[in-house]
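A.B. asks: This is a predicted model, with the sequence first.
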Amino acid sequence: MKIGILGAGQLGRMMAISGYPLNHQFGFSGNGNNEPASLLGHMFALEDTADHIESLVAFADVITYESENTDVAAVKEISKNVAVYPGVKSLFTTQHRGREKALFDQLNIPCAPYQRVNSEQDLIEAVNVLGLPAILKIATEGYDGKGQFLIHNENQIGEAWASMNDAESILEGFVSFKRELSLIAVRGIDNDHKYYPLVENIHHNGILRLTIAPAQNIDSAVQATAERYMKTLLDEMDHVGVLTIELFETDNGLAVNEMAPRVHNSGHWSIEGANTSQFENHIRAISGMPLGDTTPTHAFNAMINIIGKTGPIDIALKLPNAHLHLYDKSERADRKLGHINITANSQAELEASIDKLKDFLPK
């Protein structure tokens, strides 16, 4: 099939790399011809023509997207001419924190208590309801810790609201958690479901830096609970493709934080660490192919993000169980430039490998 991707970043790049062995062709829309995926297929760039989206639609048999911030109205229009997966409902819901939380409530999926906020007065009232500390988050387009303000005391309310630039927001009550987890799953056009194991994510300054896969010491009942929440969401949204949910592990069980209707940074480990990567399974799903096995290839896996500076990549290249993935992006503070996957047969081997790659992690 000819698969169109709205976006030409590293996620589109990795989707294409996984899809070419399946005999698919790829086209991308983006702002320019120097984006990470631009050399991996037909590039329909805004810098070349104002109707680059129309050109992508004419090229494609099916279309997907890289980001939940993709324009819903544009996807609705595209859908009149070519199938888009995941569908409009998934996109519309997941690109707005308030709609996302409302869906969790509707489906009885535990999440942090929250209040919608549209003014400083709303924020004052929300703080009175939820108490402090609490986290103010912009309702749309927030990522990697951007558009968030942790409020510790009432004196910060004005500053917190000013940081949102009057944008619609939500206030979340603070959740005391033991660790952050995520679950990635894929649903096919034929309603087949596949689940990857829960993974543990470690963030620094709001940016994912290290993923451990599978998360260690996860009871089978906890995995089953996460999969139940996921299946409910997949089916309710009639979602086709990969869906990711981020969760908090608390003393009272799992609480869902947010979700993403796409392949996800916390699933990059699956390229070498699972029988079928999240990228290949997304392509299989949207093209109507049978879904692949999600079983890990090793008992212990990890993914280290390369952030800001490329760093001493020779260290990774010399490790027999390390796998380097660079995205052809220039260095810039807090920018995701690539990642390193680690496969290991024991906890000790995994920890030793991470230690050898410690220069890529925050001090």
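C.D. replies: Cool, got the structure.
A.B. asks: hey, let's count contacts and neighbours off CA atoms from now on
C.D. replies: Will do.
A.B. asks: can you give me the strands for the stretch 201-350 of the chain?
C.D. replies: Applying DSSP state E, counting those that start in this stretch to the stretch 201-350 of the chain gives strands spanning 207-213, 241-250, 253-260, 300-307, 322-326, 336-344.
A.B. asks: Quick check: Thr211 touching Leu198?
C.D. replies: No. In this structure, Thr211 is not within contact of Leu198 by Cα atoms under 8 Å, at 10.4 Å.
A.B. asks: Nearest to the middle of the chain, which residue? Look it up for me.
C.D. replies: His264 (3.1 Å; Cα atoms, centre = their mean).
A.B. asks: what's near enough to touch the nearest residue to that residue once chain neighbours are set aside?
C.D. replies: Distances taken as Cα to Cα, 6 or more residues apart in numbering put Thr244 closest to His264, at 6.7 Å, once the chain neighbours are dropped. Under the criterion of Cα atoms under 8 Å, 6 or more residues apart in numbering, the neighbours of Thr244 are 182-185, 259-264.
A.B. asks: Could you rerun that using 7 Å?
C.D. replies: Neighbour list for Thr244: 182-185, 259-262, 264 [criterion: Cα atoms under 7 Å, 6 or more residues apart in numbering].
A.B. asks: That one bridge partners, please.
C.D. replies: Beta bridges link Thr244 to Ile184, Ala260, judged by DSSP bridges.
A.B. asks: thinking again about what came up before, highest average neighbour count across the strands of the stretch 201-350 of the chain?
C.D. replies: strand 300-307 (a mean of 25; mean count of other Cα atoms under 10 Å).
A.B. asks: List every C-alpha atom in it, with coordinates, as CSV.
C.D. replies: What follows is the C-alpha trace of strand 300-307 in CSV, where atoms were taken according to Å, rounded to 0.1, in the frame of the first residue of the first chain:
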residue,chain,number,x,y,z
PHE,A,300,15.4,-7.3,30.2
ASN,A,301,15.4,-4.3,27.9
ALA,A,302,15.9,-0.5,28.2
MET,A,303,15.8,2.6,26.1
ILE,A,304,17.9,5.7,26.7
ASN,A,305,16.9,8.9,25.0
ILE,A,306,19.7,11.0,23.5
ILE,A,307,18.7,14.6,24.4
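A.B. asks: Check the offset of it from the chain's centre.
C.D. replies: With Cα atoms, centre = their mean, to the nearest Å as the basis, the distance from the averaged C-alpha position of strand 300-307 to the chain average is 15 Å.
A.B. asks: Need the pLDDT of the residue nearest to His24 when sequence neighbours are not counted.
C.D. replies: Closest residue to His24 in three dimensions, ignoring its sequence neighbours and counting by Cα to Cα, 6+ apart: Met1, at 4.9 Å. The model reports Met1 with a pLDDT of 98.
A.B. asks: for stretch 240-255, what is the average pLDDT?
C.D. replies: Per-residue pLDDT values across stretch 240-255 average out to 97.
A.B. asks: Same question for stretch 118-130.
C.D. replies: Averaging pLDDT along stretch 118-130 gives 97.
A.B. asks: Name the residues that touch that stretch?
C.D. replies: Contacts with stretch 118-130, where a contact means Cα under 7 Å, 6+ apart, come from 115, 117, 158, 161, 166-169, 171, 173.
A.B. asks: Sort out for me which of the residues you listed are in strands.
C.D. replies: Assigned to strands by DSSP state E, the following of the contacts of stretch 118-130 qualify: 115, 117, 169, 171, 173.
A.B. asks: What segments of the stretch 151-300 of the chain are helices?
C.D. replies: 157-163, 220-236, 270-273, 278-286 (DSSP state H, counting those that start in this stretch).
A.B. asks: Reformat the ones you listed as JSON lines; add mean pLDDT, mean neighbour count and distance to Pro21.
C.D. replies: Conversion of the helices of the stretch 151-300 of the chain to JSON lines gives the following (pLDDT from 0 to 100; neighbours: other Cα atoms under 10 Å; distance: least, Cα to Cα, whole Å):
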{"stretch": "helix 157-163", "mean pLDDT": "96", "mean neighbour count": "17", "distance to Pro21": "46"}
{"stretch": "helix 220-236", "mean pLDDT": "98", "mean neighbour count": "16", "distance to Pro21": "27"}
{"stretch": "helix 270-273", "mean pLDDT": "98", "mean neighbour count": "22", "distance to Pro21": "14"}
{"stretch": "helix 278-286", "mean pLDDT": "98", "mean neighbour count": "26", "distance to Pro21": "10"}
